[in-house]
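> heads up, no residue letters with this:
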């Protein structure tokens, strides 16, 4: 089955860029997602990328996919204190819409 | 995007009791999913609920403990039966939206005492 790994913690200063990394094992993963979970809340879909893409940009968010290394990253430009949360990457594949989640990365933004 | 409502949002339950969580979606969806997030952990898939057929459970989860109903294309329930403190978790409903997007509800936060 799929394994998805993330670093547990990242601390940045307000205004800097944040880069959250994720690696996955299943090369047949077709869809890769990033979710944000704030304290006491559910999961908010931030963005997603298909395996036939290398990059996707959406306002302050940039997703990079390196299929060769099975590495996914989420870059948040101009990080704000409101970006403090846990960020999960998750993978799914054609024919299986259920997702396998990473352990989550806690992003702390220091003023 | 799909709007997903879950009830209850939070509950404190006595051990040995059962609780049914409801998930309502604002549009018809083929597949609905139930996940569990234990305290400080990531999400684990419990089962996939399809309308008109039995739910498909993941390894480690059984129907007797987590019975699921899917009476129509916009609604599902998950029951957590005979609860113990180890069942204290967030239970999340998820659906597939347009364009392969996957959305989650706000979760149902259960504490078993």
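Arrived safely. Keep in mind that this is a model prediction, so the values were computed, not measured.

> list the residues that contact the residue nearest to the spatial centre of chain B.
Nearest residue to the geometric centre of chain B (C-alpha atoms, centre = their mean): residue B:34, 3.6 Å. Taking C-beta atoms under 8 Å, 6 or more residues apart in numbering or on different chains, we find residue B:34 in contact with B:23, B:45-47, B:49, B:66, B:68, B:76, B:78, B:91-94. Heads up, the C-betas are built off the backbone N, CA and C, glycines and all.

> which ones, among the residues you listed, also lie beside chain A?
B:45, B:92, B:94 (C-beta under 8 Å from any C-beta of the partner chain).

> ok, those residues vs residue A:47, which is closest?
residue B:94 (16.6 Å; C-beta to C-beta).

> apart from its chain neighbours, what residue comes closest to the closest one?
Excluding its sequence neighbours, the residue lying closest to residue B:94 (C-beta to C-beta, 6 or more residues apart in numbering or on different chains) is residue B:33, at 4.2 Å.

> my guess is that neighbour meets residue B:93, correct?
Yes. If you go by C-beta atoms under 8 Å, residue B:33 and residue B:93 touch, sitting 7.2 Å apart.

> and these two? Which one has more around it.
Neighbour totals were compared for residue B:33 and residue B:93, and residue B:93 leads with 28 against 25 (other C-beta atoms under 10 Å in any protein chain shown).

> double-check that the more buried one belongs to a strand.
Yes. Counting by DSSP: H, G, I helix; E, B strand; the rest coil, one finds residue B:93 located in a strand.

> ok, it - contacts?
Residues counted as contacts of residue B:93 (C-beta under 8 Å, 6+ apart) are B:4, B:6, B:21, B:23, B:32, B:33, B:34, B:35, B:76, B:78, B:104, B:105.

> from the residues you listed, which ones fall inside strands?
Judged by DSSP state E, the subset of the contacts of residue B:93 located in strands is B:4, B:6, B:21, B:23, B:32, B:33, B:34, B:35, B:76, B:78, B:104.

> now, among the residues you listed, which is nearest to residue A:88?
Closest to residue A:88, out of all of the ones in strands among the contacts of residue B:93 and judged by C-beta to C-beta, is residue B:104, at 10.2 Å.

> which residues pair with the closest one across the strands?
Applying DSSP bridges to residue B:104 gives these bridge partners: residue B:94.

> show the contacting residues for it.
A:35, A:42, A:43, A:44, A:45, B:4, B:35, B:92, B:93, B:94 are the contacts of residue B:104 under C-beta under 8 Å, 6+ apart.

> mark which of those residues are buried, thanks.
Neighbour-count burial (16 or more other C-beta atoms under 10 Å in any protein chain shown) applied to the contacts of residue B:104 gives A:35, A:42, A:43, A:45, B:4, B:35, B:92, B:93, B:94.

> isn't the third one up against residue B:90?
No. With contact defined as C-beta under 8 Å, residue A:43 does not reach residue B:90; the gap is 9.7 Å.

> need the overlap of contacts for these two.
Residues touching both residue A:43 and residue B:90 (C-beta under 8 Å, 6+ apart) are residue B:107.

> what about residue 24, how many residues nearby?
No chain specified, so I'll use chain A. Residue A:24: 20 neighbours (other C-beta under 10 Å).

> wrong one, chain B
For residue B:24, the number of neighbouring residues by other C-beta under 10 Å comes to 15.

> great, nothing more from me.
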